[in-house]
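Asker: can't give you the sequence, but here's the structure:
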């Protein structure tokens, strides 16, 4: 499964293992973490809503595009759904390739596309008690 | 220690832990692996020679430059020395930052500089029995 | 014709509705959204909103056919 | 003046020598390398070679002073 959605903690080791390959000299990993602040608000928890039927289809398309554009050997992406605490991994992208140029470019491409194309929404719960839907344009607390 | 040289297997988990930070939303990791081929030759083992007094000083400088240029929160790099087998980690770079732009750029900067500025040399031992010093320009088997 | 409409995240909260089936003369996804925004006064028109038809990402100008299921996605924020 | 010269990796194999101390009239690091290349016929002049003086990275045009230790680094390949 190149792209998947998980409602439990992302298995970072398994994601990395899925791209381990003796013909590759370069691994690039991106992890989006739940960080403790966003636009001056202190974040306590974060909730991801995912519409799986479309997210899984589009996510797989994004990975396929990365293979085609950058010629990398292996790539996987796992995205969380549900309620996440500070420091948890919201999304992971692992890419391996014979050379590092392609691995960096493909990893960057995948996370950029995942952030803007998939039906995934996040609601930040602030220490103040308020909670708010955050959109990509407003530079959200996870994944940077 | 922001930059270090290790003559035993790189502790990938410890490197990542060193950059874990609740104020960061993005982690980018690069790992250079010993791959099984280079320029048509089948690689069996790889040997890194490091001149530590200068490598450690210059390596630390590179990390400092990355902090200054990209404003990232945390960055570490560990480079192996000695004899490595296929699939082993030759070098790891971990960078965390509130946002992903800086983390990607800094990680890329560090590995690019490490490959060209540090007194580190690698000798590839091929399945054919031949061994050869490989330089950066010739696109070596590890790290892409 | 009949069209099933589904709302997600912010849109669901704004309309207070997960899904509804409407009977209308037909038109594009954009026209349908406008109609729904008139019905649900809290529903905001967001430039970055996305639309899917029958679980496929689609364009706002796509003309709907009978029995289509239309998904209104407020601005997304994966990662 | 006296200068200690150290060779690494490929250069060490080409000269068959880890280090040597030479007595010479003085000059730049580049001039010293040329002199050593005449002495050790296998020592290749590589455009990408680097030089350090007293454990600090340096430029080839740096003029050496007495008792400097000069490190000749063949093209590097970290990572």
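Answerer: Everything's here; your move. For clarity, every value in this text was computed on a predicted model and none was experimentally measured.

Asker: residues from chain A in reach of chain C?
Answerer: A:32, A:49, A:51, A:53-54, A:57-58, A:79, A:90-91, A:111, A:114-123, A:133-137, A:140, A:142-143 (C-beta under 8 Å from any C-beta of the partner chain). C-beta here means a position set from N, CA and C on the backbone, and glycine is covered the same way.

Asker: Of the residues you listed, keep whichever come out buried.
Answerer: Buried subset of the residues of chain A next to chain C (neighbour count, 16 or more other C-beta atoms under 10 Å in any protein chain shown): A:32, A:49, A:51, A:54, A:58, A:79, A:90-91, A:111, A:114-123, A:133-136, A:140, A:142-143.

Asker: how close does the closest residue to chain B within chain C sit to residue A:51?
Answerer: Here chain C gets closest to chain B at one residue, residue C:79, 8.1 Å apart by C-beta to the nearest C-beta. When C-beta to C-beta, to the nearest Å is the yardstick, residue C:79 and residue A:51 sit 16 Å from each other.

Asker: How about residue A:134?
Answerer: Residue A:134 is 17 Å from residue A:51, by C-beta to C-beta.

Asker: helix/strand/coil for residue A:129?
Answerer: Recorded secondary structure, residue A:129: coil (DSSP: H, G, I helix; E, B strand; the rest coil).

Asker: burial of it, as a residue count?
Answerer: 7 (other C-beta atoms under 10 Å in any protein chain shown).

Asker: how about the helices in chain A?
Answerer: Ranges of helices in chain A, per DSSP state H, are A:12-17, A:52-70, A:100-117.

Asker: Check those helices for me and report the most buried one.
Answerer: Neighbour counts (mean count of other C-beta atoms under 10 Å in any protein chain shown) averaged over each of the helices of chain A peak at helix A:100-117, with a mean of 22.

Asker: Okay, and the beta partners of the residue positioned nearest the centre of chain A?
Answerer: In chain A, the centroid-proximal residue (C-alpha atoms, centre = their mean) is residue A:91; its distance is 2.9 Å. Per DSSP bridges, the residues bridged to residue A:91 are residue A:32, residue A:79.

Asker: Next, work out how far apart it and residue B:90 are.
Answerer: From residue A:91 across to residue B:90, the span is 27 Å (C-beta to C-beta).

Asker: Repeat that for residue A:10.
Answerer: From residue A:10 to residue B:90 the distance is 26 Å (C-beta to C-beta).

Asker: List the contacts of residue 6.
Answerer: Using chain A here. Contacts for residue A:6 (C-beta atoms under 8 Å, 6 or more residues apart in numbering or on different chains) come out as A:78-81.

Asker: Can you look at chain C instead?
Answerer: By C-beta under 8 Å, 6+ apart, the neighbours of residue C:6 are C:18-19, C:69-72.

Asker: What about contact with chain B: does the worst-scoring helix or strand of chain A on mean pLDDT have any residue there?
Answerer: Of the helices and strands making up chain A, the lowest-confidence element is strand A:37-38, at a mean of 86, by mean pLDDT, DSSP states H and E. Yes - judged by C-beta under 8 Å from any C-beta, strand A:37-38 and chain B are in contact via residue A:37.

Asker: May I have the secondary structure class of the residue nearest to the spatial centre of chain C?
Answerer: The centroid of chain C falls nearest to residue C:72 when counting by C-alpha atoms, centre = their mean (3.5 Å). Recorded secondary structure, residue C:72: strand (three-state DSSP).

Asker: from what I can see it touches residue C:53, true?
Answerer: No - applying C-beta atoms under 8 Å as the test, residue C:72 and residue C:53 come out as separate, 10.6 Å apart.

Asker: From residue A:91, how far off is residue A:113?
Answerer: Taken as C-beta to C-beta, the span from residue A:113 to residue A:91 is 12 Å.

Asker: Kindly report the same for residue A:82.
Answerer: Using C-beta to C-beta, residue A:82 is found at 13 Å from residue A:91.

Asker: Same question for residue C:12.
Answerer: Distance from residue C:12 to residue A:91, counting by C-beta to C-beta: 23 Å.

Asker: Kindly report the same for residue C:26.
Answerer: From residue C:26 to residue A:91 the distance is 39 Å (C-beta to C-beta).

Asker: still on that earlier bit, tell me who's in contact with the residue nearest to the centre of chain C.
Answerer: Residue C:72 touches C:5-8, C:11, C:33, C:36, C:49, C:51, counting by C-beta under 8 Å, 6+ apart.

Asker: With secondary structure and pLDDT added, can I get these in TSV?
Answerer: Listed next are the contacts of residue C:72 as TSV, based on DSSP: H, G, I helix; E, B strand; the rest coil; pLDDT from 0 to 100:
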residue	secondary structure	pLDDT
C:5	strand	98
C:6	strand	98
C:7	strand	98
C:8	coil	97
C:11	helix	97
C:33	helix	97
C:36	helix	97
C:49	coil	94
C:51	strand	97
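
Asker: Most neighbours among those, which one?
Answerer: When neighbours are counted by other C-beta under 10 Å, residue C:11 leads those with 26 neighbours.

Asker: So residue C:19 is in contact with residue C:3, correct?
Answerer: No - look at residue C:19 against residue C:3 with C-beta under 8 Å: they stay out of range, at 10.8 Å.

Asker: So the two - more neighbours on which side?
Answerer: Between residue C:19 and residue C:3, counting by other C-beta under 10 Å, residue C:3 is the more crowded of the two (21 against 13).

Asker: check whether stretch C:47-59 contacts chain A.
Answerer: Yes - interface with chain A: stretch C:47-59 contributes C:48, C:50, C:52, C:55-57 (C-beta under 8 Å from any C-beta).
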